[in-house]
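Asks: take a look and give me a structure for this.
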Amino acid sequence: MIPGPKNLITDIASLRVGNARDDALKSGVTVLTADKPFTASVNVMGGAPGTRETDLLAPDKSVAQVDALCLSGGSAFGLDACSGVVDGLRAQGRGFAVGPARIPLVPGAIIFDLLNGGKKDWDRNPYRSLGRAAFEAAGSDFALGSEGAGTGALTAMTKGGLGSASLVLPDGTIVGALVAANPMGSATTPGDRHFWAAPFEIGGEFGGLGPDPAAGLGRHLDSRKIAAMRGADPSRANTTIAIVATDAALTKAQCLRMATAAHDGIARACVPAHSPGDGDLVFALSTGARAAADERALTLIGHAAALCLSRAIARAVFLARPEPGDILPAWSSLNA
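Replies: The predicted structure follows:
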């Protein structure tokens, strides 16, 4: 398995990703859409999720496909970003047909970034317009790091961010991941230099520093985030939300299995993961461009999705930029 040409989820043909951010707000939105509706499901393993229309994605629900997926900052306010995406899709005549009416279907999830130092005293919720802007910006190339839904993301020790990665399987199937990394845990080992995801790195995509040579790691859960959010409850100020995708034809039930397997990627890249205060969630989608996957192929696709997600989380942190007013340092500032 090797990364695709862009090492982005958009190495999968027809997928497009758009970002919008507000630097004063220190928040933003990321939208994934495609040329036509796609099959999708979701698995939630965190204890504090924030979602919209995810019930549609259960295998026993009647809706077969959706038009876009939305990742947003803003906690509950950010769920309104989905409405902006719906507006953009409706303007294009997209959506589920019910007689003469068309209803765009846009499940979404949010991270908590309300205490990251940005200006949050808005009069009108800004996320609907950010969602529309991200949808309008969607293309095959998009920026990582302090962008889109990762603009104001924080890990325990450094800034988080938006990440992506891909793999091409031996039979040509492509798997990719997109993530807004804002975990309660750390993405780096003690000392802030090495990444927990280092064993899965390919070609120096997040610094090429290799695994931490120390032993006995993970027993001390230090957090600059807790100190920076003094006076608040940082155990609720987290969440890693992700999308994994493939061009292999999968059913909704198989997408659910892919999402479940991909959660291993969060656990390998964030320590700890899936805490009561994280809303850790993975969407999984299939464009259906290639042949249907059998059980053996689905196993490899799920494994590749987990690898891509670990790498995407590390890339998000590695590429995060220092910005005025940050309450945590960027990885690049600590390792200049």
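Asks: rest of the way, CA atoms for contacts and neighbours
Replies: Will do.
Asks: give me the phi and psi for the spatially closest residue to residue 95 that is not a sequence neighbour.
Replies: Excluding the flanking residues, the one nearest residue 95 by Cα to Cα, 6 or more residues apart in numbering is residue 104, at 3.7 Å. The phi/psi pair for residue 104 (degrees, to the nearest 10) reads phi -60, psi 140.
Asks: now residue 96
Replies: Dihedral angles (degrees, to the nearest 10) for residue 96: phi -70, psi 130.
Asks: okay, and the beta partners of it?
Replies: Listed by DSSP bridges, the beta-bridge partners for residue 96 are residue 103.
Asks: ok, it to residue 89 distance?
Replies: In this view, residue 96 and residue 89 are 11 Å apart by Cα to Cα, to the nearest Å.
Asks: who's more crowded, the two?
Replies: Taking other Cα atoms under 10 Å, residue 96 and residue 89 do not tie; residue 89 has more neighbours (23 against 17).
Asks: am I right that the more buried one is in contact with residue 106?
Replies: No: with contact defined as Cα atoms under 8 Å, residue 89 does not reach residue 106; the gap is 9.3 Å.
Asks: rounded mean pLDDT for stretch 38-52, please.
Replies: The predicted model assigns stretch 38-52 a mean pLDDT of 91.
Asks: stretch 7-19 now?
Replies: Averaged across stretch 7-19, the pLDDT comes to 97.
Asks: mind listing what's buried in that stretch?
Replies: Buried residues in stretch 7-19, defined by neighbour count with 16 or more other Cα atoms under 10 Å: 7, 8, 9, 10, 11, 12, 15, 16, 17, 18, 19.
Asks: what's the overlap in contacts for residue 89 and residue 106?
Replies: Common neighbours of residue 89 and residue 106 (criterion: Cα atoms under 8 Å, 6 or more residues apart in numbering): residue 67.
Asks: show me where the chain has helices.
Replies: 81-91, 127-136, 224-228, 252-269, 295-318, 331-334 (DSSP state H).
Asks: lowest average pLDDT across the ones you listed?
Replies: Ranked by mean pLDDT, the helices of the chain bottom out at helix 224-228, with a mean of 82.
Asks: just how off-centre is that one within its chain?
Replies: From the chain centre to the centre of helix 224-228 is a distance of 23 Å (Cα atoms, centre = their mean, to the nearest Å).
Asks: before we move on, what about stretch 137-145?
Replies: Worked out by Cα atoms, centre = their mean, stretch 137-145 lies 13 Å from the chain centre.
Asks: would you mind measuring the gap between the ends of that stretch?
Replies: 17 Å.
Asks: give me every residue that touches residue 239.
Replies: 46, 48-49, 110-112, 181-184, 277-280.
Asks: quick one: the longest strand along the chain to helix 81-91, angle?
Replies: Scanning the chain for the longest strand, with DSSP state E as the assignment, gives strand 27-44. Here strand 27-44 runs at an angle of 90 degrees relative to helix 81-91 (axes from the mean of the first three to the mean of the last three Cα atoms, to 10 degrees).
Asks: quickly run through the sheet partners of strand 27-44, with directions.
Replies: Strand 27-44 has the following strand partners under DSSP bridges: strand 15-22 (antiparallel), strand 66-72 (antiparallel), strand 281-292 (antiparallel).
Asks: what comes up buried for that strand?
Replies: Result for strand 27-44 [16+ other Cα under 10 Å]: buried residues 27-34, 37-44.
Asks: swap in stretch 317-324?
Replies: 317, 318, 319, 320, 321, 322.
Asks: can you check stretch 202-214 too?
Replies: Buried-residue list, stretch 202-214, by 16+ other Cα under 10 Å: 205, 206, 207, 210, 211, 212.
Asks: which ones are touching the last one?
Replies: Read it as residue 212. 189, 194, 195, 196.
Asks: isn't residue 154 right up against residue 328?
Replies: Yes: if you go by Cα under 8 Å, residue 154 and residue 328 touch, sitting 7.4 Å apart.
Asks: the more surrounded of the two?
Replies: Per other Cα under 10 Å, whichever of residue 154 and residue 328 has more neighbours is residue 154, with 36 against 22.
Asks: low pLDDT regions in the stretch 101-250 of the chain?
Replies: For the stretch 101-250 of the chain, applying pLDDT under 70 flags the ranges 230-236.
Asks: circling back: for the buried residues of stretch 317-324, which one is nearest residue 59?
Replies: residue 317 (33.3 Å; Cα to Cα).
Asks: mind checking how far the residue nearest to that closest one when sequence neighbours are not counted is from residue 327?
Replies: Spatial nearest neighbour of residue 317, excluding adjacent residues (Cα to Cα, 6+ apart): residue 160 at 4.8 Å. Taking Cα to Cα as the measure, residue 160 falls 12 Å from residue 327.
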